[in-house]
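**Student:** I would like the atomic coordinates for the input below:
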Amino acid sequence: MTDQGGHHINENFKRKKSPAFEDVQQLFQDIRKGDRVALGRGITLIESEKEEHFPLASQLLSLCLPHSGNAFRLGITGVPGAGKSTFIEAFGKHLTEQGNKIAVLAIDPTSALHRGSILGDKTRMEELSADLNAFIRPSPSGGALGGVARKTRESMILCEAAGYTMILVETVGVGQSEIQVHSMVDMFLLILIAGGGDELQGIKRGIMEMTDLLIINKDDGGNNPLAQKAKAEYAAALHLFPPAESGWTPRVETCSALEKRNIELILQRIEEFRNLSLTNGYFQKNRTEQNLYWFRQSLEEQLYHDFFHHPVIEKKMPEIRNAIINSTLSPFEAARILLETFKKS
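**Tutor:** Below you'll find the model as predicted:
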């Protein structure tokens, strides 16, 4: 579909401004049927910050949870300019052509002004977004750590309930976002390019140890010698890290997402990792630990929300703030007073 200016409109991202969520049971049934519009509305519901939507979102998640957990969750990150979106489109099309249903949860930077998604409708994946076996959802980060959408875990549950067999979570590739994504996926991919320069080393160093498969993209246009050299160097560097708990030895491969070359080889490496982790028990152990981490994170989030939205705390907060500003109360003592007030109220 195109607009009046002839621009492509992605059906996956058509969102109603004020969706109604009266019938959660019907919404759940439509999601289970694979209705992409219903899936988008379901994710909008769980992302909502409106108090009246919280119990509805909880009900929807409870309905979807028994039908989730069957997809393989793949985290994908990389330095800016490495071609993450081009790779995801080529990889995603390869998967759908083999009969798979894939969902891409693309974590976009959040505008500091309107707190919306800067990258908009993800026009960088036009071919994949037109695929009926693909669902692409850009999510504003909402100010969460490192640009990771606060509700990405819940979104994965809905996508799995809708029948998607592979969930790809793309990060913006900066800050602490990789650590957050690593805590919610089964396998972690790092996409780099050869000859990136020393200025990228700081970004890469912190996530190398988490990487299960390192991909040197843009192995095309005469870049093959550089790509092969980078492959050898990164493979040597990965061997310096302690053995992974999964029992997997991290691999390094080159590819050209633009020319769709070596995409099948990368899928083969992913299948090798998946088979190993299922066989040695790491897959289920990792999922269990992630659920416990998710529980703690959700508990902290709900406690934070309840504390700062409590009417007694809201009433007392201006007085406490002024006392801190005027140096008549230490921040530590202020926090203690508010906590005691919260516990007694």
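
**Student:** ok, for Val185, nearest residue in space, not its chain neighbours?
**Tutor:** Gly75 (3.7 Å; CB to CB, 6 or more residues apart in numbering). The way it works is simple: take the backbone N, C-alpha and C, and place the C-beta from them, glycine included.

**Student:** just give me the neighbour total for that neighbour.
**Tutor:** By other CB atoms under 10 Å, 25 other residues sit near Gly75.

**Student:** again with the one 4 residues further on
**Tutor:** For Val79, the number of neighbouring residues by other CB under 10 Å comes to 20.

**Student:** so where's the stretch 151-300 of the chain uncertain?
**Tutor:** Where the stretch 151-300 of the chain drops to pLDDT under 70, the residues are 172-176, 196-206.

**Student:** helices along that one, start to end?
**Tutor:** Using DSSP state H, counting those that start in this stretch, the helices found in the stretch 151-300 of the chain span residues 152-161, 177-182, 201-208, 224-238, 263-279, 282-308.

**Student:** show me what contacts the most centrally placed residue in the chain?
**Tutor:** Nearest residue to the geometric centre of the chain (CA atoms, centre = their mean): Val169, 3.9 Å. Neighbour list for Val169: 73-76, 105, 107, 152, 156, 181, 184-185 [criterion: CB atoms under 8 Å, 6 or more residues apart in numbering].

**Student:** and which of those residues is nearest Val37?
**Tutor:** Using CB to CB, Leu105 is the member of the contacts of Val169 that sits closest to Val37, with 16.9 Å.

**Student:** after the helix or strand encompassing Glu314, which helix or strand is next? Please name it.
**Tutor:** According to DSSP states H and E, Glu314 maps onto helix 311-325. The first helix or strand that comes after helix 311-325 along the chain, using DSSP H and E, is helix 331-344.

**Student:** now that following helix: how far from the chain's centre is it?
**Tutor:** 35 Å (CA atoms, centre = their mean, to the nearest Å).

**Student:** and that helix, what does it pack against?
**Tutor:** helix 311-325 (3 or more CB pairs under 8 Å, 6 or more residues apart in numbering; DSSP states H and E).

**Student:** show me what counts as buried in the helix it packs on.
**Tutor:** In terms of neighbour count (16 or more other CB atoms under 10 Å), helix 311-325 has its buried residues at 313, 316, 320, 323.

**Student:** again, but for stretch 74-81
**Tutor:** 74-79.

**Student:** please apply the same query to stretch 181-201.
**Tutor:** 181-194, 196, 200.

**Student:** including pLDDT and distance to Asp30, could the buried residues of helix 311-325 go into CSV?
**Tutor:** Formatted as CSV, those follow (pLDDT from 0 to 100; distance: CB to CB, whole Å):
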residue, pLDDT, distance to Asp30
Ile313, 95, 40
Lys316, 94, 45
Ile320, 95, 47
Ala323, 94, 52
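
**Student:** which one of these sits closest to Asp306?
**Tutor:** Among the buried residues of helix 311-325, and counting by CB to CB, the member closest to Asp306 is Ile313, at 9.3 Å.

**Student:** and that closest one, what does it touch?
**Tutor:** Applying CB under 8 Å, 6+ apart to Ile313 gives the contacts 307, 338, 341-342, 345.

**Student:** residues contacting Gly163?
**Tutor:** 32, 34, 101.

**Student:** the last one contacts Asn133, correct?
**Tutor:** Spelled out, that is Lys101. Yes - applying CB atoms under 8 Å, one finds Lys101 in contact with Asn133, separated by 4.9 Å.

**Student:** any idea what Val169 is bridged to?
**Tutor:** For Val169, the beta-bridge partners are Gly75, Leu105 (DSSP bridges).

**Student:** that one and Glu178: what is the separation?
**Tutor:** Between Val169 and Glu178 the computed distance is 10 Å (CB to CB, to the nearest Å).

**Student:** what touches both of these two?
**Tutor:** Gly75.

**Student:** which members of the contacts of Ile313 are classed as buried?
**Tutor:** Buried by 16+ other CB under 10 Å: 338, 342, out of the contacts of Ile313.

**Student:** among the contacts of Ile313, which one sits closest to Ser85?
**Tutor:** Phe307 (38.9 Å).

**Student:** pLDDT value on the closest one, please?
**Tutor:** Listed pLDDT for Phe307 reads 95.

**Student:** do the same with Ile325
**Tutor:** 96.

**Student:** repeat for Phe91
**Tutor:** pLDDT, Phe91: 96.

**Student:** doesn't it fall inside a helix?
**Tutor:** Yes - applying DSSP: H, G, I helix; E, B strand; the rest coil, one finds Phe91 inside a helix.

**Student:** now do the contacts for the spatially closest residue to it that is not a sequence neighbour.
**Tutor:** The spatially closest residue to Phe91, leaving aside those adjacent along the chain, is Ile263, at 5.8 Å (CB to CB, 6+ apart). By CB under 8 Å, 6+ apart, the residues touching Ile263 are 90-91, 94, 255, 257.

**Student:** cool, Val104 as well?
**Tutor:** Applying CB under 8 Å, 6+ apart, the residues contacting Val104 are 88, 92, 125, 128, 134-137, 168, 170.
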